[in-house]
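Colleague: 3D, please:
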Amino acid sequence: MLFPIPTHNQAMVEELAALMESGAFRPLVDRTYPLAEIAEAHRYAGSGQKVGNVVVSVTTGSPSGAGDSGGHAPG
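Modeller: Numbers count the residues shown, from 1 in each chain. This is a model prediction of the structure:
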């Protein structure tokens, strides 16, 4: 199923939101990186190896990243 990129079309945005809420549309996440590893995430995204989205996780809380799982976990 193809999903066009919404361009200020409220009906399309609402349809996509409904699909996401129902579970009919779920993005494919290949890997998740913490913000501290954004350079590695960028390298991986450009490597030609990814098969889904690369997510960069931004956590709130301590600036040191405490509580961040670290590493790049497959989605």
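Colleague: how long is stretch 21-32 end to end?
Modeller: Its first and final residues considered, stretch 21-32 spans 22 Å by C-alpha to C-alpha, to the nearest Å.
Colleague: Give me the buried stretch members for the lengthiest helix in the chain, please.
Modeller: Longest helix of the chain, by residue count under DSSP state H: helix 10-22. For helix 10-22, the neighbour count (16 or more other C-beta atoms under 10 Å) marks residue 16 as buried. In short, each C-beta sits where N, CA and C put it, glycine included.
Colleague: Tell me what the spatially most central residue of the chain is bridged to.
Modeller: The residue lying closest to the centre of the chain (C-alpha atoms, centre = their mean) is residue 55, at 3.6 Å. Beta-bridge partners recorded for residue 55 (DSSP bridges): residue 32.
Colleague: Okay, strands next: where are they in this protein?
Modeller: Using DSSP state E, the strands of the chain run over 29-34, 53-57, 73-74.
Colleague: farthest residue from the center of the chain?
Modeller: Of all residues in the chain (C-alpha atoms, centre = their mean), residue 11 lies farthest out, 23.4 Å.
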